[in-house]
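> Below are the sequence and a predicted model; questions follow.
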Amino acid sequence: MKYFKLDLLTLLISLFIFSSCEKDGTIGLDIDAQDSVKTAFTDTVTVRTTTVLEDDVATSGILQNPFGRIDDPVFGTTTVSLALGLSLPFDNYKFGVSPTLDSAILVLKYGDEFFGDSLTSKYVIDVHELSDNTPFSSLKTYTSKSVFEKATVRIGGLPEDLPKHPVARRFQWKDSTTVVSVIKGAFDKIVNVAPQIRIPITNTTFINRFFTATENDLKNNTNFAKHIKGLYVSIDSMQSTGNGGLTFFNLQSEISSLEIYYKSGTGTAKDTNVAKFRVSGASEIKRKRKPTVQTQIDLPSQNYPTVYAQPLSGSRIKLNFPYIKQLAAKGNVSINKAELFIPVVQDPTDPFRLKPAPRLTLYRTDIAGQRQAVPDNAMLLDSRYLDERVFGGFYDATEKAYKFNISSYIQDLVNKAGVIQYDTYIAPFDQALTNRANITAAATTAARVVLGGPNPQSPGKSLIKLRITYTKPN
């Protein structure tokens, strides 16, 4: 009995032995030689990678909308504008007797992310009305391919008195601010409000169209949208400075609105009122990629040692394991652990030094090319699914890498009957824990990353590694 316990202890210890290449260790119990098993470890499995286009993504009705312009020295230039629709404060709205304009402010509540140069870049923001050709409709779903046209006249922006003050301040996305709160029938007061950008709308001709709207125009939002087509908010790239950045606005918040301050009444009995027209919106995304990234997208069949992942319908990384079935030749192997290790590549000469994406997602496709969660991440769909923190994909600042635990996925690829390997993808995703598989294209984060791929000439020296510990028959 004493020796039997010792052999069991030896078995447990041996299961955790690793080496930098495949290494076998025979483990046998003295009871029956036919029951002997062997554990092995390998980190030289071939992994092929390339950069491909990300799928189109919805940019309306999302939790936060991107906005801004960034001149990324690695990926290229991304410009994101906003198309906004306006809703009446309520149906059959009335401005009262003889309304006169005091001021108008477009208020947009900040979201929870900024990606880019937060220190030196400054921005000029322009606001135009949407043209008659592309009015905004809250009933439509807009995507990253949607394009909007703007009217010629600038109706507002930051700074409000161009060209006298041609440079705007930085995005103050974390800073609360103070505003004057208008209280009907009482004294106005100064209050602190959540982080928000406040863009003056100064074109009186545009604002007076609110006051001259007919009763039918103000009957409901459908009629009102025919009268006011919407707003187009953009960055003036010619007058902005620095590499720039992308911020986010929460258009779902009741704070995000066009606030029109006006006086109404007769004689001296006039009071200041505020009408808040809630906004809904979509982001318009335009890109000019660097040649290094564009080359991979144009030639996706090749294998690249450095690959690029960018959200907002930018690019994702396609990978596959062409020889993974060879493990099955060793017998009915059991995958104890399969970890995909992907290091970040940063160019030391890059002056921008943007932080890597805080989180990535990994998924597969099926025979129809549709996205499917791998079993390790198929929450509530596969009994083998893992907690998302165990599944991985979060940036490890110490190792400067990402790790995915895909043991069940690799087990299926190796020896599960009927399972065919199509494609596997990696892409940035919002870092918040969501308790779901997270396999859709991301529109609510802007953080990108450059990753190390394989070394075609020497697979053992590849930066990306699939580390597998498995048990096989002797």
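Received the coordinates, thanks.
> Not counting its neighbours along the chain, what's nearest the spatially most central residue of the chain?
The centre of the chain sits closest to Thr445, judged by C-alpha atoms, centre = their mean, with a distance of 2.8 Å. Nearest residue to Thr445, sequence neighbours excluded (C-beta to C-beta, 6 or more residues apart in numbering): Asp430, at 4.8 Å. Where you see a C-beta, it was placed from the backbone N, CA and C, and this is true even at glycine.
> so where's the stretch 151-300 of the chain uncertain?
Using pLDDT under 70 as the threshold, the predicted model of the stretch 151-300 of the chain has low-confidence ranges 162-169, 180-188, 266-270.
> And the helices in it?
For the stretch 151-300 of the chain, helices defined by DSSP state H, counting those that start in this stretch occupy the ranges 204-211, 221-227, 291-298.
> in the first one, what counts as buried?
When neighbours are counted by 16 or more other C-beta atoms under 10 Å, the buried residues of helix 204-211 are found to be 206-207, 210.
> now the strands for the stretch 51-200 of the chain?
All strands of the stretch 51-200 of the chain, identified by DSSP state E, counting those that start in this stretch, fall at 65-72, 76-86, 100-116, 125-130, 150-158, 177-181, 189-193, 196-200.
> how about stretch 225-233: buried residues?
Residues of stretch 225-233 classed as buried by neighbour count (16+ other C-beta under 10 Å): 225, 228-233.
> just how off-centre is it within its chain?
Average the C-alpha atoms of stretch 225-233, do the same for its chain, and the two points are 27 Å apart (C-alpha atoms, centre = their mean, to the nearest Å).
> Identify all contacting residues around that stretch.
Contact partners of stretch 225-233, identified using C-beta atoms under 8 Å, 6 or more residues apart in numbering, comprise 67, 81-86, 106, 108, 125-132, 134-138, 148, 150-151, 199, 209-210, 213, 217, 258, 279.
> who are the neighbours in contact with Ser462?
47, 305, 452-455.
> Now do Ala427, the pLDDT please.
At Ala427 the predicted local distance difference test score is 98.
> Skipping adjacent residues, who's closest to it in space?
In space, Ala427 comes closest to Arg316 once its chain neighbours are excluded; the distance is 3.9 Å by C-beta to C-beta, 6+ apart.
> Then Arg289?
On the basis of C-beta to C-beta, 6+ apart, the spatially nearest residue to Arg289 that is not a chain neighbour turns out to be Gly76, at 4.2 Å.
> what's the neighbour count on the one you found?
If you count neighbours by other C-beta atoms under 10 Å, Gly76 ends up with 18.
> how near is the residue nearest to Lys288 when sequence neighbours are not counted to Thr134?
Excluding the flanking residues, the one nearest Lys288 by C-beta to C-beta, 6+ apart is Thr77, at 4.6 Å. To Thr134, Thr77 is 23 Å away according to C-beta to C-beta, to the nearest Å.
> Against Ile420, how distant is Ala329?
18 Å.
> What residues sit buried inside stretch 241-250?
Within stretch 241-250, the residues that qualify as buried by neighbour count (16+ other C-beta under 10 Å) are 242-250.
> what's the answer for stretch 443-456, then?
By neighbour count on 16+ other C-beta under 10 Å, the buried set for stretch 443-456 is 443-454.
> again, but for stretch 150-164
Within stretch 150-164, the residues that count as buried by 16+ other C-beta under 10 Å are 150-151, 155-159, 162.
> got it, and stretch 372-388?
Buried residues in stretch 372-388 (16+ other C-beta under 10 Å): 372-379, 382, 385-386, 388.
> Let's see which of those residues end up in helices.
Using DSSP state H, the subset of the buried residues of stretch 372-388 located in helices is Glu388.
> where does the nearest residue to Asp350 once chain neighbours are set aside land on pLDDT?
Ranked by C-beta to C-beta, 6+ apart and with sequence neighbours excluded, the top spatial neighbour of Asp350 is Pro73, at 5.6 Å. Residue-level confidence at Pro73 comes out at 92, pLDDT.
> cool, and Leu380?
The score at Leu380 is 87. That number is its pLDDT.
> what's the neighbour count on the residue nearest to Thr445?
21.
> Assumed it was part of a strand.
No: Asp430: not assigned to a strand; according to DSSP: H, G, I helix; E, B strand; the rest coil it is coil.
> ok, Gln294 - how many residues close by?
Burial of Gln294, expressed as a neighbour count using other C-beta under 10 Å, amounts to 17.
> Just list the residues touching it, thanks.
Contacts for Gln294 (C-beta under 8 Å, 6+ apart) come out as Gly76.
> before we move on, back to that, mind checking which of the strands of the stretch 51-200 of the chain is nearest Asp350?
Each of the strands of the stretch 51-200 of the chain has some distance to Asp350 by C-beta to C-beta; the shortest is strand 65-72, at 9.5 Å.
> strand partners of that closest one, parallel vs antiparallel please.
As defined by DSSP bridges, the strand partners of strand 65-72 come to strand 76-86 (antiparallel), strand 244-249 (antiparallel).
> Make sure the residue nearest to Lys288 is actually in contact with Ile70.
Yes: with contacts defined as C-beta atoms under 8 Å, Thr77 counts as touching Ile70 at a distance of 7.1 Å.
> So for the two, which residue has more residues nearby?
Ile70 (25 against 16).
> Can you give me the domain assignment for the protein?
The record, using automatic domain parsing to delimit domains, assigns the chain the ranges 15-54+290-473, 76-288.
> Could I get those in CSV, plus columns for distance to Ile62?
Supplementary listing: those in CSV, determined by distance: least, C-beta to C-beta, whole Å:
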stretch, distance to Ile62
domain 15-54+290-473, 5
domain 76-288, 8
